[in-house]
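Peer 1: could you look at this predicted model? Sequence included:
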Amino acid sequence: MREAVAAFVHDGDTVSLEGFTHLIPTAAGHEIIRQGRRDLTVVRMTADIVVDQMLAAGCVTRLVSSFVGNSSAGSLGELRRRIEHADPEPLAFEEYSHYGMVCRYLAGAQRLPFHPLRSYAGSDLPSVNPGIRKVTSPYPAADGSTEEIYVVPPVHPDVTFIHAQRADRRGNTQIWGLTGVQAEAVYAAEKAVVVVEELVADEVIRADPNRTLVPAHAVDAVVLCPRGAHPSFAQGYYDRDNAFYRAWSAISKDPARLRGWLEEWVYGTADHAAYVAKLGEEFWAGLAVGEAPSGSVDYGRRL
């Protein structure tokens, strides 16, 4: 992770961190904090705890998102201070709907100048976000009338980080369970880093090809980082740390306590392996999950 962040994240970059509730690339965010990156634009559909931590560490000056909050467990204290009171400094915030962000990633991945959508009709988001605009459809209706439709611009991160269950060494990446826009975020970016729970042999990937969400040709680096999505979960590997989510509101509400947490758990750990070890095996045993095999299919072969 240290090498990947050093190679692909630079001051002033636009960085996408994607994973929708599940497989959040927390360890990547922590390493960005350790390396002291500054003036970043962070693109994340569901800006949550890892964004709050990066803000408190002074890494982020602009946020592009469609949701901010502590995942049904409370508020993000640092983010609220920045937006509501410009404390200790303001945060530029560019807000879209969830589907608006999906469309931005789709436009970025397909190298389109914009992507149309209907869902802003009746919304007040266009009044606060000049990036949401209207165009006239070039295709008239049967009666000859024309229609205006909302569009959003593409997003092209300098680098996208995603977390996944497994990949081979070339970067063929497999995800199951709750998925989000990981593939689109990878294709929209100039560079892509996949962080995985485990590296597996080529034969494992080939035995289940339909589970490959991101192919190797779209990946610039693979990072092996077990338990790197904590406090979110990795389906089949460990559960969500609900206690941490509940605790975060109180931690982040107090700036001194938040900075103390960063000193102990991010700056005070050399890497994510040290963070994992500090939590201890008894803690991880409490997040252990049982087996729930998904079954198997027969792809068939020539005789």
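Peer 2: Happy to help now that I have it.
Peer 1: and the next element down the chain from the strand or helix carrying residue 277?
Peer 2: For residue 277, the element it lies in under DSSP states H and E is helix 272-279. Toward the C-terminal end, the helix or strand that comes next after helix 272-279 (DSSP H and E) is helix 281-286.
Peer 1: buried ones in that next one?
Peer 2: Within helix 281-286, the residues that count as buried by 16 or more other C-beta atoms under 10 Å are residue 284. Using the backbone N, CA and C atoms, a C-beta is placed for each residue, glycine as well.
Peer 1: what do you get for stretch 77-93?
Peer 2: Judged by neighbour count using 16+ other C-beta under 10 Å, the buried positions of stretch 77-93 are 77-83, 91, 93.
Peer 1: now swap in stretch 18-25 and tell me
Peer 2: Quick answer for stretch 18-25 (16+ other C-beta under 10 Å): 18-20, 22-25.
Peer 1: what's the closest of those to residue 208?
Peer 2: residue 23 (17.4 Å; C-beta to C-beta).
Peer 1: touching, the closest one and residue 175? I think so.
Peer 2: Yes - if you go by C-beta atoms under 8 Å, residue 23 and residue 175 touch, sitting 6.7 Å apart.
Peer 1: what ranges does the stretch 101-250 of the chain have for its strands?
Peer 2: All strands of the stretch 101-250 of the chain, identified by DSSP state E, counting those that start in this stretch, fall at 115-117, 133-136, 148-152, 159-167, 173-174, 191-199, 212-214, 221-224.
Peer 1: deepest in the core, which of these is it.
Peer 2: Across those, averaging neighbours per residue (mean count of other C-beta atoms under 10 Å) puts strand 159-167 on top, at a mean of 28.
Peer 1: average pLDDT across it?
Peer 2: Mean pLDDT, strand 159-167: 98.
Peer 1: ok and it relative to strand 191-199, angle-wise?
Peer 2: 20 degrees (axes from the mean of the first three to the mean of the last three C-alpha atoms, to 10 degrees).
Peer 1: what's strand 159-167 packed up against?
Peer 2: Other helices and strands packing on strand 159-167, by 3 or more C-beta pairs under 8 Å, 6 or more residues apart in numbering; DSSP states H and E, are strand 14-18, helix 26-34, strand 173-174, helix 182-188, strand 191-199, helix 202-207, strand 212-214.
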